[in-house]
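Colleague: here's my sequence, what's the structure:
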Amino acid sequence: MIKILIADDHLLIRQGLRLILETEPDLELIGEAADGKEALNLCKKLKPDVVLMDLRMPNMDGLTAIEELRVEQPEIAVVILTTFNEDELMFRGLHAGARGYLLKDTDRSTLFDTIRAAARGETLLKPEIMARVLSQTGRSKSETTMPFNLTDRELEVLNFVARGERSKEIAATLGISERTVKAHLANVYEKLGVDSRAAAIAVAAQRGMFKKQ
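Modeller: The predicted model follows:
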């Protein structure tokens, strides 16, 4: 059972999500928050697996809540669910540690798949979101010159991650163990100064580190 907490300042949104989540036997809504501060307090009490986080809320916005949650309870996965289709917010959210970025008009199956991926510790970004991330590749000359000293294998693994491949799939393609893939990813995270796949993708794209397809 995946325990979920919703953070959104609109009651109708929370009620609608509750009805949607109740249709899936493996998803359990355990709490609702109307702002980021309340979300942090409930996370301490309820220990959810996944938080569906809006970005713009009163008292404390979603981005601030994500950043604080990453420090205080990094084991809790965050999926951004927002009405704001803005690249800057998307990059800031992913860099802050969110494992998914969804708009509120997303379909049910995508919502469920993203929640389940986040609970597994994986990142699942819709193709159009990933395309927007990758389209930022090399936009800032000052950033692209920043050295991160990734090895060829680490960069290869990172490129597979950016295509949405799971560790098991990457291992099979490269002919290495899944444990080795995870070790490469851990090195990538440390070198990029991040702690999630989504954040690594966002940083690498902004630095022009992905191969042009």
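Colleague: helices of this structure, start to end?
Modeller: Under the criterion DSSP state H, helices of the chain are mapped to 11-21, 36-46, 62-72, 87-96, 108-119, 127-134, 141-144, 152-162, 167-174, 178-192, 197-206.
Colleague: format the ones you listed as CSV; extra columns: distance to residue 80.
Modeller: For every residue, glycine as well, the C-beta is placed using N, CA and C. Output for the helices of the chain, formatted as CSV (distance: least, C-beta to C-beta, whole Å):
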stretch, distance to residue 80
helix 11-21, 13
helix 36-46, 12
helix 62-72, 7
helix 87-96, 5
helix 108-119, 10
helix 127-134, 10
helix 141-144, 23
helix 152-162, 18
helix 167-174, 23
helix 178-192, 20
helix 197-206, 10
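Colleague: out of these, which one sits most buried?
Modeller: Each of those was scored by mean neighbour count; the highest is helix 197-206, a mean of 24, by mean count of other C-beta atoms under 10 Å.
Colleague: CA atoms of that one as CSV?
Modeller: Provided in CSV are the C-alpha atoms of helix 197-206 (Å, rounded to 0.1, in the frame of the first residue of the first chain):
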residue,chain,number,x,y,z
ARG,A,197,17.1,11.2,-11.0
ALA,A,198,14.9,14.2,-11.9
ALA,A,199,17.3,16.7,-10.4
ALA,A,200,20.3,15.0,-12.2
ILE,A,201,18.4,15.3,-15.5
ALA,A,202,17.5,18.9,-14.9
VAL,A,203,21.1,19.9,-14.0
ALA,A,204,22.7,17.9,-16.8
ALA,A,205,20.3,19.3,-19.4
GLN,A,206,21.0,22.9,-18.3
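Colleague: give the rounded mean pLDDT of that helix.
Modeller: Averaged across helix 197-206, the pLDDT comes to 82.
Colleague: and it, what does it pack onto?
Modeller: With contacts defined as 3 or more C-beta pairs under 8 Å, 6 or more residues apart in numbering; DSSP states H and E, the packing partners of helix 197-206 are helix 87-96, helix 127-134, helix 152-162, helix 178-192.
Colleague: what comes into contact with the third one?
Modeller: In this case it means helix 152-162. 123, 130, 133-134, 150, 169-170, 173-174, 181, 184-185, 187-188, 191, 197, 200-201, 204-205, 209-211 (C-beta atoms under 8 Å, 6 or more residues apart in numbering).
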